[in-house]
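# Everything below, folded, please.
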Amino acid sequence: MTAAENVCYTLINVPMDSEPPSEISLKNDLEKGDVKSKTEALKKVIIMILNGEKLPGLLMTIIRFVLPLQDHTIKKLLLVFWEIVPKTTPDGRLLHEMILVCDAYRKDLQHPNEFIRGSTLRFLCKLKEAELLEPLMPAIRACLEHRHSYVRRNAVLAIYTIYRNFEHLIPDAPELIHDFLVNEKDASCKRNAFMMLIHADQDRALDYLSTCIDQVQTFGDILQLVIVELIYKVCHANPSERARFIRCIYNLLQSSSPAVKYEAAGTLVTLSSAPTAIKAAAQCYIDLIIKESDNNVKLIVLDRLVELKEHPAHERVLQDLVMDILRVLSTPDLEVRKKTLQLALDLVSSRNVEELVIVLKKEVIKTNNVSEHEDTDKYRQLLVRTLHSCSVRFPDMAGNVIPVLMEFLSDSNEAAAADVLEFVREAIQRFDSLRMLIVEKMLEVFHAIKSVKIYRGALWILGEYCSTKEDIQSVMTEVRRSLGEIPIVESEIKKEAGELKTEEEITVGPVQKLVTEMGTYATQSALSSSRPTKKEEDRPPLRGFLLDGDFFVAASLATTLTKIALHYVALVQEKRKQNSFVAEAMLLMATILHLGKSSLPKKPITDDDVDRISLCLKVLSECSPLMNDIFNKECRHSLSQMLSAKLEEEKLSQKKESEKRNVTVQPDDPISFMQLTAKNEMNCKEDQFQLSLLAAMGNTQRKEAADPLASKLNKVTQLTGFSDPVYAEAYVHVNQYDIVLDVLVVNQTSDTLQNCTLELATLGDLKLVEKPSPLTLAPHDFANIKANVKVASTENGIIFGNIVYDVSGAASDRNCVVLSDIHIDIMDYIQPATCTDAEFRQMWAEFEWENKVTVNTNMVDLNDYLQHILKSTNMKCLTPEKALSGYCGFMAANLYARSIFGEDALANVSIEKPIHQGPDAAVTGHIRIRAKSQGMALSLGDKINLSQKKTSI
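As a prediction, the model looks like this:
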């Protein structure tokens, strides 16, 4: 067995720069030094043994001069020393000196100090030599009756370990521990004893549980957790036992310990699928989420509720608990609220949608009263989106929701207002009955809208859906109010000129004649120079937008004015009124054009906006039926097409989700009867405790791909050549936040290689956790060396290094074999994700790192190339399938992915097929990648470049 495979329980951090002391000086300190110097010497000895030194000459010195000491620190160090020191001769026999050690520990097991007894018992758990343990058995048994619980609980652990490794030394251990358990009062001792019975003799554990099943609620939480584990394992192996223990699990749901409640709820769900059991478990989970303060705990328990919802039979039960789930919204953490709202939305049905909407409306109003905070705005957005989804799924609710939400169009947070606007636009198109209400509310809040983007959307909605004469007049009034005095240019010039005039003006007061006491007249002249303070006059909103140079809103206004003027002409028969209204609309457009061409705005009007306003003026002056149709019918038709396509896409994704959840059974599948199932077949069910243990250790069992080539061999990297004296290859195992390198090292020479060390270094955001320990390799021997590397961010990393070794008996310097580089693939950390178009645009504007990759491929089909890029980068295409279907020789698509570290990656694919080069011409174009960090943008670009080159037609 190599040094790397030796079991070591004690890990000690050692400063590598210190000079190792000589054996003679250590011997001198251990023999003649005081307690302090003996302690330091013993520490050095332990470190040297851990580093591979043998030091056989010091064994007897330690037994003679250190072992008899009663100092507690030395006793603790000696326990570590005896754990790691070689206790056998090269042929496997126990060293004679160990008899003296054994006698010393027999005395320690009878020591009056309970700490020394307990720590000695803990040390015995680590011993693997039966000859050493045999003389100590009576003393270990005697410790079960010690007055102190610390000694008793460690005695139980020692007996369990010895029974597991060397059953012949204590064959009656289960019986002994069962009797001990019956009479024991201390919770930790009972827990250890019960734990031993579960693993050593399950029947005795069940017998004990049967006798005290009614008192389980009074036990300590550590014992209750072990009882839950036992019940789970028993019922897992033998389903007929379920009825016997399910009541006990129900009782444990009321435990005072959150850990017990969580485990009991999880066990109850696996034992029974009865609605009452599922409801009790879900209620328990909800209570845990509300009472626990840690957000991580809340998220973990919410995940369990989401898992319950995935089961079609359980979903109905959870639907009745939606209102309880919404109590979780009292948590201030945004991530918890997001997950809760998503879960509530998935569970909402026609029975509880009304209550859900009432709660969400209250939450929306609450966010209005909270002091401005980044998370408050995001939470308001989440609530708006949830209410939007509810109204789309349950149209009856839209009438209740819209009046509350439309107040937020005037919100200073543009994102929340944009979500409300999108919702209102969809509602006004879908629900004819609500159009009057929406238009009325829109006119109410129109003057208070602060954001130009929201203003444009509101103008479009009013222009499209105002159908009565009164509404059209109201829109015109609101527009005039929002523009201020017209013509704009003249009024602005007058205002400026007027302000200059008042600054220079000297006011002469009226001359008053006053009579003095003597009866003569006196003249008083009041000469005062007045300089009025320049007031920052509040401009009307639309006027403000235009003077700031935002003329896109002017183009939207022109379209709206054209639409309402055409509506007005159709509604009002009187020619004079028609002409008056159309002329007013044209005047507004003309004055905006004049303003755009003047020097007053901060930025001049763009040619596009001039063309748009000019077109609208031309349409109003000519009033042709074709233009009337385009403005009043085609726009709305386009919106309805877009909304129906979106709805179709949502239904399709929901259908896919439900198909995933529905367990399909083939007609020829065998029927499994539980009573007829063999015991070994029962083991095919997953053991939840085993899975959670594996997850905690980072060994999550990933489902292997169906492709037989996609096996572990794909991840093996050859590090040296076959002709090198040492051959090495590494299997790269990627866990979530760390990488384990399993390196196979083969000695291909006929010499013994000593101090064979794997030296590694990293490049990128990788960090080597520990230095692999040196090995001694016999001729043609091999060994496995494991090395852990921590990963801090999504970036291509490189691990490089060499193997150095000494040849036994050779006088030359150390030999060195340089290893090939190991490249860590970024794809192990990137997962496809989704985001809205607005979020994509916002991130695209914010992210500062861009990498532009030129398409260089031999693929000839645009869609095939896009699918290939999606597959090789793990990104998700946000552009709908309908937008990509068809063929026009050009394609543009947005891609999005997120790393496990929470980093976002965006990509825009813009490709075309040069038709003039014939049907076999390769795809050309660009892919632009944007990310917050430089490493992410560059790594994704490299990945795309590599995958392009590997492509074969």
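# Just give me the longest helix of this protein.
Longest helix of the chain, by residue count under DSSP state H: helix 635-661.
# where's that one relative to the chain centroid, distance-wise?
27 Å (C-alpha atoms, centre = their mean, to the nearest Å).
# average pLDDT for that helix?
The average pLDDT for helix 635-661 rounds to 71.
# for stretch 751-762, same thing?
86.
# Likewise for stretch 50-65?
On average, stretch 50-65 scores 79.
# Report the distance from that stretch to the chain centre.
For stretch 50-65, the gap between its own C-alpha mean and the chain's C-alpha mean amounts to 51 Å (C-alpha atoms, centre = their mean).
# Okay, buried residues for it please.
If you call a residue buried by 16 or more other C-beta atoms under 10 Å, then stretch 50-65 has these buried ones: 50, 55, 58-59, 61-63, 65. In short, each C-beta sits where N, CA and C put it, glycine included.
# quick one: contacts for residue 598?
Listed by C-beta atoms under 8 Å, 6 or more residues apart in numbering, the contact set of residue 598 reads residue 489.
# Now do the same for it: its pLDDT.
For residue 598, the predicted pLDDT is 82.
# before we move on, what about residue 853?
90.
# sorry, back to before: which one of the buried residues of stretch 50-65 is nearest residue 75?
Comparing those against residue 75 with C-beta to C-beta places residue 62 closest, at 12.5 Å.
# List the residues that contact the closest one.
Residues in contact with residue 62 (C-beta under 8 Å, 6+ apart) are 30, 42, 45, 78, 81.
# I'd like to know how far the fourth one sits from residue 353.
In this structure, residue 78 and residue 353 are 70 Å apart, going by C-beta to C-beta, to the nearest Å.
# More neighbours: these two, which one.
When residue 78 is set against residue 353 and neighbours are counted by other C-beta atoms under 10 Å, the residue ahead is residue 78, at 24 against 17.
# which secondary structure elements does whichever strand or helix holds that one contact?
Using DSSP states H and E, residue 78 falls within helix 72-84. Packing partners of helix 72-84 (3 or more C-beta pairs under 8 Å, 6 or more residues apart in numbering; DSSP states H and E): helix 35-50, helix 114-124.
# Could you rerun that using 6 Å?
On a contact count with 3 or more C-beta pairs under 6 Å, 6 or more residues apart in numbering; DSSP states H and E, helix 72-84 meets helix 35-50.
# next helix or strand past the helix it packs on?
helix 58-65.
# ok and that following helix relative to helix 35-50, angle-wise?
150 degrees (axes from the mean of the first three to the mean of the last three C-alpha atoms, to 10 degrees).
# Dump helix 58-65 to PDB, keeping only the CA atoms.
Only the C-alpha atoms of helix 58-65 are listed here, as PDB (Å, rounded to 0.1, in the frame of the first residue of the first chain):
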ATOM      1  CA  LEU A  58      12.800   7.500  18.500                       C
ATOM      2  CA  LEU A  59      10.000   5.000  19.300                       C
ATOM      3  CA  MET A  60      11.600   3.600  22.400                       C
ATOM      4  CA  THR A  61      12.700   7.100  23.600                       C
ATOM      5  CA  ILE A  62       9.100   8.300  23.400                       C
ATOM      6  CA  ILE A  63       7.800   5.200  25.300                       C
ATOM      7  CA  ARG A  64      10.400   5.600  28.100                       C
ATOM      8  CA  PHE A  65      10.600   9.400  28.600                       C
END
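# now the angle from it to helix 72-84?
Relative orientation of helix 58-65 versus helix 72-84 (the same axes, to 10 degrees): 150 degrees.
# which residues are contacting the helix holding residue 78?
10, 39, 42, 46, 49, 123, 126 (C-beta atoms under 6 Å, 6 or more residues apart in numbering).
# Could I get the average pLDDT for it?
For helix 72-84, the per-residue pLDDT averages 85.
# start the count at 54, not 1, going forward
OK, 54 is where the count begins now, so the last one is helix 125-137.
# mind exporting it as CSV, just the C-alpha atoms?
Coordinates of each C-alpha in helix 125-137 appear next as CSV, following Å, rounded to 0.1, in the frame of the first residue of the first chain:
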residue,chain,number,x,y,z
HIS,A,125,-2.7,16.8,29.1
THR,A,126,-1.2,18.5,26.0
ILE,A,127,1.4,15.7,25.7
LYS,A,128,-1.3,13.1,26.1
LYS,A,129,-3.2,14.6,23.2
LEU,A,130,-0.1,14.8,21.0
LEU,A,131,0.7,11.2,21.9
LEU,A,132,-2.7,10.1,20.6
VAL,A,133,-1.9,11.7,17.2
PHE,A,134,1.6,10.1,17.3
TRP,A,135,0.3,6.6,17.9
GLU,A,136,-2.3,7.0,15.2
ILE,A,137,0.3,7.8,12.5
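# buried set for the longest helix of the chain?
residue 692.
# sorry, back to before: state the next helix or strand along the chain beyond the helix holding residue 131.
Toward the C-terminus, helix 125-137 is succeeded by helix 151-161 as the next helix or strand (DSSP H and E).
# Against which helices or strands is that following helix packed?
Counting by 3+ C-beta pairs under 6 Å, 6+ apart, helix 151-161 packs on helix 167-177.
# in the helix it packs on, what's buried?
167, 169-177.
# Same check on stretch 653-665?
653-654, 657-658, 662-663, 665.
# Show me which pair in the residues you listed is furthest apart.
Largest separation among the buried residues of stretch 653-665 by C-beta to C-beta: 653 and 665, giving 20.2 Å.
# got a pLDDT number for residue 627?
83.
# Oops, could you answer that again for residue 83 instead?
pLDDT, residue 83: 83.
# Next: the one 5 residues further on.
Residue 88 carries a pLDDT score of 85 in this model.
# so what's the backbone phi/psi at residue 838?
Backbone torsions for residue 838, taken as degrees, to the nearest 10, come to phi -120, psi 130.
# where does residue 959 land on pLDDT?
pLDDT, read off for residue 959, is 92.
# right, I mislabeled it, should have said residue 192
pLDDT, read off for residue 192, is 89.
# roughly how far apart are it and residue 220?
Separation of residue 192 from residue 220 (C-beta to C-beta) stands at 19 Å.
# Give me the more crowded residue out of these two.
Legend: neighbour count by other C-beta under 10 Å for residue 192 and residue 220, higher for residue 192 (19 against 11).
# now that one, what's its secondary structure?
Here residue 192 is helix, with the state taken from DSSP: H, G, I helix; E, B strand; the rest coil.
# could you measure it against residue 159, distance?
5 Å.
# The nearest residue to residue 333 once chain neighbours are set aside and residue 171: what is the separation?
Distance criterion C-beta to C-beta, 6 or more residues apart in numbering; nearest residue to residue 333, sequence neighbours excluded, is residue 306 at 5.9 Å. Separation of residue 306 from residue 171 (C-beta to C-beta): 35 Å.
# Just the buried ones out of the contacts of helix 125-137, please.
Applying 16+ other C-beta under 10 Å to these flags 92, 95, 99, 102, 176, 179 as buried.
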